[in-house]
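1. just coords:
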Ligand SMILES: CC(=O)SCCNC(=O)CCNC(=O)[C@H](O)C(C)(C)COP(=O)(O)OP(=O)(O)OC[C@H]1O[C@@H](n2cnc3c(N)ncnc32)[C@H](O)[C@@H]1OP(=O)(O)O
Ligand SMILES: CC(=O)C(=O)O
């Protein structure tokens, strides 16, 4: 059975640019376009040439090799011809393969926002599409507010879609601009558009996520007959965002409801790049990936629950709707107070520690983890502290060093130039093989920074082993309010090999909690070094 092609239109660089807090530079746009092009979407909308210097610059060259490169703009204004509209001229002159013009299709908007007649707007749509086609480019029309417009005046909304199609638009894209339409309405209205004479093979959907239905609305439109989906990477976009292509692409590729009838340009090999694509994009935006994002989130294939872990380890299909490998993600069985033996055995195995289900030390470890989690520890987010605890109970952590004491002082004082400065100073007394060393350090970034510097200043024979250790993140959480407050500190560390690990500390004193996490970080680094081939076995 031949499958129908669904075309993927990415508007990360245009509608995504309208996301509050997101502002791409030309360099960002070049890098993102290259990522998307390499991944294999059909269309990449780059922005609005003529609207701002970044987009104008970006369209000085064609920025894609494989995907159609699309310039966005609006239809010509009423009262001027297409050839005399400077905005349209800038869009037509941009280096692009296709032009996507937003057109009003709700008569209320025509009256209020454009201030022209319904017929003038229809003429703007036809004349603008004809100008794009005459320029030798593929024409697309985004029918803005199509669904709201259809509900208010179906004949006029349909007339706008038909004007675009009859003037030569390759795609007439029905937009749920305000994002309030629901899937059954999308299905009925798309069906009405197709019945009116615009074929589904020329229709697209552009859904906003204001009721959390952008993906569902896009799929409802496909069911009803549209063959192009517009969306963005990780669902960014104006207000609550656009349809998330990172969710739609694997759904179309992996779910039987669609795979028997439809195909996209993204094959199984490309699909395995999806998690990387999504996370690289977040990296560019300098934000943490959403752990719960379908398919690609760090939690998408993670389980804490003991009952789930036990079955998952017997056969992953018991608790997974698709395999994590199909989208380039990983299965994760975590340890926490929600876990049973299966979680722990699996977590230990990942660290190269084999323990039998009947080993009493396993019961001891589980009891300690559950007890500690009740007092505020969170081992699921602190893999390195868990590894140290487990290895301690199993008796394989050497006493590298003993911290005899530490002291921290925070002082606000005037410096030599008369400027007020807050300075932190820490003293740490460490004993190694019976020899005690006292290290003092001043931290420019507060008391924890000073403590860290002092602890790692002189670790005697281990000093050279921790030179490449770096703290990269520090998170503090107050677990219960008032005077009973408990502080949980999580610290992320990395070393010269690029490996990263998290450690945890809990106390009613933030400095003490931080120090525990710092100590675990150093001990984990020393243990890690001993796991490397060629290093001395644990002393
Ligand atoms: C639903 C969407 O997401 S559509 C995309 C929205 N994106 C953007 O607006 C981002 C880029 N936009 C811009 O930088 C600016 O709005 C520009 C450069 C395009 C236009 O700037 P200005 O000329 O200063 O106009 P301004 O932004 O104040 O108002 C928009 C004008 O376009 C007109 N207009 C809006 N949509 C259309 C349309 N589809 N066809 C023709 N004219 C339109 C409005 O009536 C208004 O005209 P007016 O100035 O005579 O009142
Ligand atoms: C065109 C567009 O972005 C919209 O109607 O939402």
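-> Noted; the coordinates are in hand. All values reported here derive from a predicted model rather than from experimental measurement. Ligands and ions are numbered 1, 2, ... in the order given.

2. Can you name the residues of the stretch 151-300 of the chain that neighbour ligand 2?
-> Residues of the stretch 151-300 of the chain lying close to ligand 2 (C-beta under 6 Å from any ligand atom) are 175, 177, 206, 208. (Each C-beta comes from the backbone N, C-alpha and C, glycine too.)

3. For residue 280, list the residues it contacts.
-> With C-beta atoms under 8 Å, 6 or more residues apart in numbering as the criterion, the residues that contact residue 280 are residue 35.

4. would you say it is within a strand?
-> No - counting by DSSP: H, G, I helix; E, B strand; the rest coil, residue 280 falls outside a strand, being helix.

5. so which of the residues of the stretch 151-300 of the chain next to ligand 2 is the most crowded?
-> Using other C-beta atoms under 10 Å as the neighbour test, those are led by residue 206, with 29 neighbours.

6. helix, strand or coil for that one?
-> On the three-state scheme (three-state DSSP), residue 206 is labelled strand.

7. so which of the residues of the stretch 151-300 of the chain next to ligand 2 would you say is closest to residue 43?
-> Among these, residue 206 lies closest to residue 43 (C-beta to C-beta), at 11.8 Å.

8. Could you check the pLDDT of the closest one?
-> If you check residue 206, the pLDDT there is 98.

9. Quick check: it vs ligand 1, distance?
-> 9 Å (C-beta to the nearest ligand atom, to the nearest Å).

10. List the beta-bridge partners for that residue.
-> Note on residue 206: beta-bridge partners residue 175, residue 230, judged by DSSP bridges.

11. Given the worst-scoring helix or strand of the chain on mean pLDDT, what are its sheet partners and their directions?
-> The weakest-scoring helix or strand in the chain, judged by mean pLDDT, DSSP states H and E, is strand 332-333 (a mean of 81). The strands beside strand 332-333 in its sheet (DSSP bridges) come out as strand 302-303 (parallel).

12. Near the closest residue to ligand 1 within the stretch 251-400 of the chain, how many other residues are there?
-> Using C-beta to the nearest ligand atom, the closest approach of the stretch 251-400 of the chain to ligand 1 is made by residue 285 at 19.0 Å. Per other C-beta under 10 Å, the neighbour tally for residue 285 reads 19.

13. What of residue 151?
-> Close neighbours of residue 151, defined as other C-beta under 10 Å, add up to 14.

14. can you check the one 5 residues further on too?
-> Burial of residue 156 is recorded as 19 neighbouring residues (other C-beta under 10 Å).

15. Residue numbering should commence at 351 henceforth.
-> New numbering, starting at 351: the last item is residue 506.

16. tell me the contacts of it?
-> The contact partners of residue 506, by C-beta under 8 Å, 6+ apart, come to 455-457, 468, 499.

17. circling back to that earlier point, distance-wise, check the residue of the stretch 601-750 of the chain closest to ligand 1 relative to residue 628.
-> Distance, residue 635 to residue 628, by C-beta to C-beta, to the nearest Å: 11 Å.

18. a markdown table for the residues of the stretch 501-650 of the chain next to ligand 2, including distance to residue 672?
-> Shown next, in a markdown table, are these (distance: C-beta to C-beta, whole Å):
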| residue | distance to residue 672 |
| --- | --- |
| 525 | 30 |
| 527 | 32 |
| 556 | 27 |
| 558 | 27 |
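
19. Skip the chain neighbours and tell me the closest residue to the residue of the stretch 601-750 of the chain closest to ligand 1.
-> Counting by C-beta to C-beta, 6 or more residues apart in numbering, residue 372 is the residue found nearest to residue 635 once chain neighbours are left out, at 6.6 Å.

20. wait, residue 365 sits on residue 589?
-> No - taking contacts as C-beta atoms under 8 Å, residue 365 lies outside contact range of residue 589: 10.4 Å.

21. Who has more neighbours out of those two?
-> Neighbours per residue, other C-beta under 10 Å: of residue 365 and residue 589, the larger number sits with residue 365, 25 against 13.

22. show me what contacts the more buried one?
-> By C-beta under 8 Å, 6+ apart, residue 365 lies in contact with 395, 556, 580, 582, 587-588, 592.

23. Likewise for residue 675?
-> With contacts defined as C-beta under 8 Å, 6+ apart, residue 675 is in contact with residue 622.

24. quick one, phi psi at the residue of the stretch 751-889 of the chain found nearest ligand 2?
-> Closest residue of the stretch 751-889 of the chain to ligand 2, C-beta to the nearest ligand atom: residue 823 (35.7 Å). When read as degrees, to the nearest 10, the backbone of residue 823 gives phi -150, psi 150.

25. how about it, what does it touch?
-> 840-842.

26. Next: residue 800.
-> Shown in contact with residue 800 (C-beta under 8 Å, 6+ apart): 758, 774-776, 791-793.

27. ok, now residue 485?
-> Counted by C-beta under 8 Å, 6+ apart, residue 485 has contacts 442, 449.

28. Next, work out how far apart it and residue 592 are.
-> To residue 592, residue 485 is 27 Å away according to C-beta to C-beta.
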